[in-house]
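# take this sequence and fold it.
(one chain, ligands or ions: 1)
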Amino acid sequence: MKHVPRKRFGQHFLTDRSIIDAIVKAIDPQAGQSMVEIGPGQAALTQPLVERLGALTVIEIDRDLARQLRHQSQLNVIESDVLKVDFTQMASTQGTTKLRVVGNLPYNISTPILFHLLDHLAVIEDQHFMLQKDVIERMVAHPCTAAYGRLSVMLQWRYAMENVLSVPPESFHPPPKVQSAVVRMVPHAHPVSVPLALLEELVRVAFSQRRRLLRHTLGAWLNAREMTSAFDVQRRAEEVPVQEYLALCEQVADQTCPTC
Ligand code: SAM
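From the prediction side, this is the model:
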């Protein structure tokens, strides 16, 4: 039976053969690698990937699509919400130390997926994702630009990232309302070690009022924690480089919880 794309699952299926080829080329799958695809849908990427890999794990929330995919013996189909999948556990079950993660992500939950993966970076080799172009622009943005924000800091902390390909709406059925792109994300080998939850809070507070000086937001937050710091709060959040947020977070962690 013909599948009717489901809006609630962000279903925009890739139909453009040359774009599919270009994405697979950017991923460069090699036989035997442990790869996981999020949201395989109707297998536009899945098929060329599994032909090269020999086997592939796919995570699909749509019951009907998951049923179709189970017909292919080379696929390990996990019918689930990706936000509930424990990638660390998956790597251990598969007897591997590193997973490559790919997908044309459902745009309605792309940011939660990116944050979910931050919890499992120890087992991730790299990630290639199709996302809204403006989300990728925010991910890779430099300080002092309008796109620089919470997503830039949180992800640049843990990944080297590059925008590898632009994809127009006509490449999908049905076409999304936005431009898309593919990002490559490679975890840093030695990231600055700070508590994820603390950095998230600090960055959220800093960017809560972009137009105001940080003394009104982060400054007040630091005062409430009785923090003494040379950090300059007479700036706007978008003027502060990632490394400075990380250094401040290290300092806060040391002063408020020296044993963490
Ligand atoms: N990979 C296919 C392609 O490129 O044509 C489909 C991509 S479509 C943009 C997103 C896919 O993710 C759909 O198959 C959808 O059912 C699936 N999906 C949506 N939400 C999901 C979730 N929370 N967990 C797992 N898969 C999800």
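# and the helix ranked longest in the chain, what other elements does it pack with?
Using DSSP state H, we find that the single longest helix of the chain is helix 242-256. When contacts are defined as 3 or more Cβ pairs under 8 Å, 6 or more residues apart in numbering; DSSP states H and E, helix 242-256 packs onto helix 150-158, helix 196-206. C-beta here means a position set from N, CA and C on the backbone, and glycine is covered the same way.
# near the ligand, which residues of this protein?
Residues of the chain lying close to the ligand by Cβ under 6 Å from any ligand atom are 9-14, 38-42, 44-45, 59-62, 65, 81-83, 104, 106, 109.
# quick one, domains of the chain?
By the assignment in automatic domain parsing, the chain contains the domains 7-187, 196-256.
# so how far is the last one off the chain centroid?
Read that as domain 196-256. 23 Å (Cα atoms, centre = their mean, to the nearest Å).
# and what of stretch 43-62?
19 Å.
# could you pull out the strands in the stretch 101-250 of the chain for me?
For the stretch 101-250 of the chain, applying DSSP state E, counting those that start in this stretch gives strands covering 124-132, 159-167, 172-173, 180-187.
# mind putting those strands into a markdown table with mean neighbour count?
Output for these, formatted as a markdown table (neighbours: other Cβ atoms under 10 Å):
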| stretch | mean neighbour count |
| --- | --- |
| strand 124-132 | 22 |
| strand 159-167 | 17 |
| strand 172-173 | 18 |
| strand 180-187 | 20 |
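# got JSON lines for those, with mean pLDDT too?
Formatted as JSON lines, the strands of the stretch 101-250 of the chain follow (pLDDT from 0 to 100):
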{"stretch": "strand 124-132", "mean pLDDT": "98"}
{"stretch": "strand 159-167", "mean pLDDT": "97"}
{"stretch": "strand 172-173", "mean pLDDT": "96"}
{"stretch": "strand 180-187", "mean pLDDT": "98"}
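# where along this protein do the helices fall?
Per DSSP H, the chain carries helices over the ranges 17-27, 46-53, 63-69, 87-93, 110-118, 133-139, 150-158, 196-206, 218-224, 242-256.
# will you turn the ones you listed into JSON lines that also has mean pLDDT and mean neighbour count?
Formatted as JSON lines, the helices of the chain follow (pLDDT from 0 to 100; neighbours: other Cβ atoms under 10 Å):
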{"stretch": "helix 17-27", "mean pLDDT": "98", "mean neighbour count": "16"}
{"stretch": "helix 46-53", "mean pLDDT": "98", "mean neighbour count": "18"}
{"stretch": "helix 63-69", "mean pLDDT": "97", "mean neighbour count": "16"}
{"stretch": "helix 87-93", "mean pLDDT": "97", "mean neighbour count": "15"}
{"stretch": "helix 110-118", "mean pLDDT": "96", "mean neighbour count": "18"}
{"stretch": "helix 133-139", "mean pLDDT": "97", "mean neighbour count": "20"}
{"stretch": "helix 150-158", "mean pLDDT": "97", "mean neighbour count": "21"}
{"stretch": "helix 196-206", "mean pLDDT": "96", "mean neighbour count": "18"}
{"stretch": "helix 218-224", "mean pLDDT": "94", "mean neighbour count": "17"}
{"stretch": "helix 242-256", "mean pLDDT": "94", "mean neighbour count": "17"}
